[in-house]
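Trainee: here is my input, please return the structure:
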Amino acid sequence: MEPIIRRAKMLAQEHPSVSKVALAYSGGLDSAVIGKLLLEAGFEVLPVVINLGQQSDLGRVEKNAKAIFGQCRLYDARENFVMNVGRGIKASCRALGGVNAGGLSRPSMAYALAQVARESGCQAIAHGASGMGNDHLTMENSLRVLAPEMRIIAPVRDLDLRRDEALSFAAEKKLPTNLKRALSFSADENLWCRTLRQGAALEISAPLPEEAYKWTVSPQKAPEKGAEVEVEFLNGLPVRAKIGGKEEKGLLSIIEALNEVGGKHGIGRLDFVTDRVVGLKVHEAYECPAALILLAAHEELEALVLTTRELEAKHYIDALWNRLVYDGGWYTRLRRALDAFIDETQRAVDGSVELSLYKGSIRVKGRKSRHALYDARLSSRDSSGVFTQKESRSFAKLYCLQDVIAYMMELD
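Mentor: Next comes the predicted model:
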């Protein structure tokens, strides 16, 4: 018996009450391998293909799953996921060098898995996250809230499954997964972001090869003529986008359209080293055109309508929110409490922002809002200006008074 199969059979001994397992199945290397290992261990496996708006051929993934397991469930989680993304936009969802991606998608995946597992008579839920990153935390924290009666199995982590082992096993068993891509990198894709890691991404001194990118062209190869985009917000959420002469409504359609136009103009590539909860530093690359465009527009509108102190407080709360969600705290009371503050600030975030997309850059061209705190009459130094500069004279004398006194005392 192969060592990898022998280790997998230990899962059956660890979970004697489990006969049927719902498996998060993407068709990638890890999900295909762990599904086959669960079969070898004697479990009935129900693969669950979750639609998060990824640009994959889900019909082909479903067909391949049925070929291996004899069954498959396709679950459309886009509505749930888009709600999470909306929350993320309000919270300016950037995290440790990138955009907050897994922190938003895993709770939606967990929701889909819990629903299907319960409806299908499963006793356990399996996922392909490793023990090296945050995904197993975001997934399992969510599953323990949504399906506390289910056992949770994470074969990659629990069996210490190495990537070279998985590649060899997949080749030997002729599993229907893209081994050529898996040799080069691992891709995690949804509507909001495409994340590249492992393989070529382990090298930090050189960029990923161009063939790793799927959503975006290199900025150097983007068209010489840029694209004009206008995004309209209501209570902090994008509700309409004008892209050239076309109009999109609804967050799902807006994100899909901005991913397309942004990708064509080289928008959305991020390459960075980030930190994991377990203490590891890892190298990842992202493709997230719509995310960067929407976050740039949202932050510009907030700067227009929120007071200085509101912005300072919100930057702090946003940082807390994103770290909490990034580390797996979606289903927590703290996140709901932070949401309450964020939602209150977003009541003023109405209006529109015009942007120019050109060879990888996003430039703000204009912004307007009925809640704008900017007034040209106050900012103008022309004769038409209404601000009297003399009134600042006394303010200047008192500004930082204690700091001036303290500095002079140190000189004595």
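Trainee: and the residue nearest in space to the middle of the chain, backbone torsions?
Mentor: The centroid of the chain falls nearest to Ala101 when counting by C-alpha atoms, centre = their mean (1.2 Å). In terms of degrees, to the nearest 10, the main-chain angles of Ala101 are phi -110, psi -70.
Trainee: list the residues that contact the residue nearest to it when sequence neighbours are not counted.
Mentor: Among residues not flanking Ala101 along the chain, Cys193 sits closest, at 3.8 Å (C-beta to C-beta, 6 or more residues apart in numbering). C-betas here are computed from N, CA, C, even on glycine. Shown in contact with Cys193 (C-beta atoms under 8 Å, 6 or more residues apart in numbering): Gly98, Val99, Ala101, Tyr286, Glu287, Cys288, Ala291.
Trainee: how is Val386 assigned, secondary-structure-wise?
Mentor: Put simply, Val386 is coil when judged by DSSP: H, G, I helix; E, B strand; the rest coil.
Trainee: and it, how many neighbours?
Mentor: Neighbour count of Val386, defined by other C-beta atoms under 10 Å: 9.
Trainee: list the contacts of the lowest-mean-pLDDT helix or strand in the chain.
Mentor: Taking mean pLDDT, DSSP states H and E as the measure, the chain has helix 179-184 as its least confident helix or strand, at a mean of 73. With C-beta under 8 Å, 6+ apart as the test, helix 179-184 has contacts from Gly28, Leu29, Leu167, Ala170, Ala171, Ala187, Gly199, Ala200, Pro209, Glu211, Ala212.
Trainee: give the contact list for the first one.
Mentor: Looking back up the chat, that one is Gly28. Gly128, Thr177, Asn178, Ala182, Ser186, Ala187.
Trainee: point out where the protein drops to low pLDDT.
Mentor: 1, 182, 201, 412 (pLDDT under 70).
Trainee: mind giving me the domain ranges of it?
Mentor: Listed domain ranges for the chain are 3-185, 201-368, 376-411 (source: automatic domain parsing).
Trainee: and among these, the most buried is which?
Mentor: Compared across the domains of the chain, domain 3-185 shows the largest average neighbour count, a mean of 20 (mean count of other C-beta atoms under 10 Å).
Trainee: tell me what the closest residue to Lys368 other than its chain neighbours is bridged to.
Mentor: Excluding the flanking residues, the one nearest Lys368 by C-beta to C-beta, 6+ apart is Gly351, at 5.4 Å. Per DSSP bridges, residues listed as beta-bridge partners of Gly351: Phe233.
Trainee: where's Gly351 relative to Leu373, distance?
Mentor: Separation of Gly351 from Leu373 (C-beta to C-beta, to the nearest Å) stands at 12 Å.
Trainee: hey, what's in contact with both of those two?
Mentor: Leu304, Val305.
Trainee: for the stretch 1-150 of the chain, which segments count as helices?
Mentor: For the stretch 1-150 of the chain, the helices defined by DSSP state H, counting those that start in this stretch occupy 3-14, 29-40, 58-69, 78-90, 102-119, 135-146.
Trainee: so which of those helices gets nearest Asp271?
Mentor: Closest to Asp271 of the helices of the stretch 1-150 of the chain is helix 102-119 (C-beta to C-beta; 17.1 Å).
Trainee: check the offset of the closest one from the chain's centre.
Mentor: Centre-to-centre, helix 102-119 and its host chain are 15 Å apart (C-alpha atoms, centre = their mean, to the nearest Å).
Trainee: cool, and stretch 317-326?
Mentor: 13 Å.
Trainee: how about stretch 54-68?
Mentor: Averaged C-alpha coordinates place stretch 54-68 at 23 Å from its chain's average position (C-alpha atoms, centre = their mean).
Trainee: which residues touch it?
Mentor: By C-beta under 8 Å, 6+ apart, stretch 54-68 touches 25-27, 32, 35-36, 39, 47, 49, 51, 71-72, 74, 175-177, 189-191, 194, 214-215.
Trainee: quick one, what contacts Gly128?
Mentor: Counting by C-beta under 8 Å, 6+ apart, Gly128 makes contact with Ala24, Ser26, Gly28, Asp30, Ser31, Ile34, Ala154, Pro155, Val156.
Trainee: distance-wise, check the closest residue to it other than its chain neighbours relative to Glu119.
Mentor: Leaving aside its chain neighbours, Gly128 sits nearest to Asp30 (3.7 Å; criterion: C-beta to C-beta, 6+ apart). Note on Asp30: its distance to Glu119, by C-beta to C-beta, is 25 Å.
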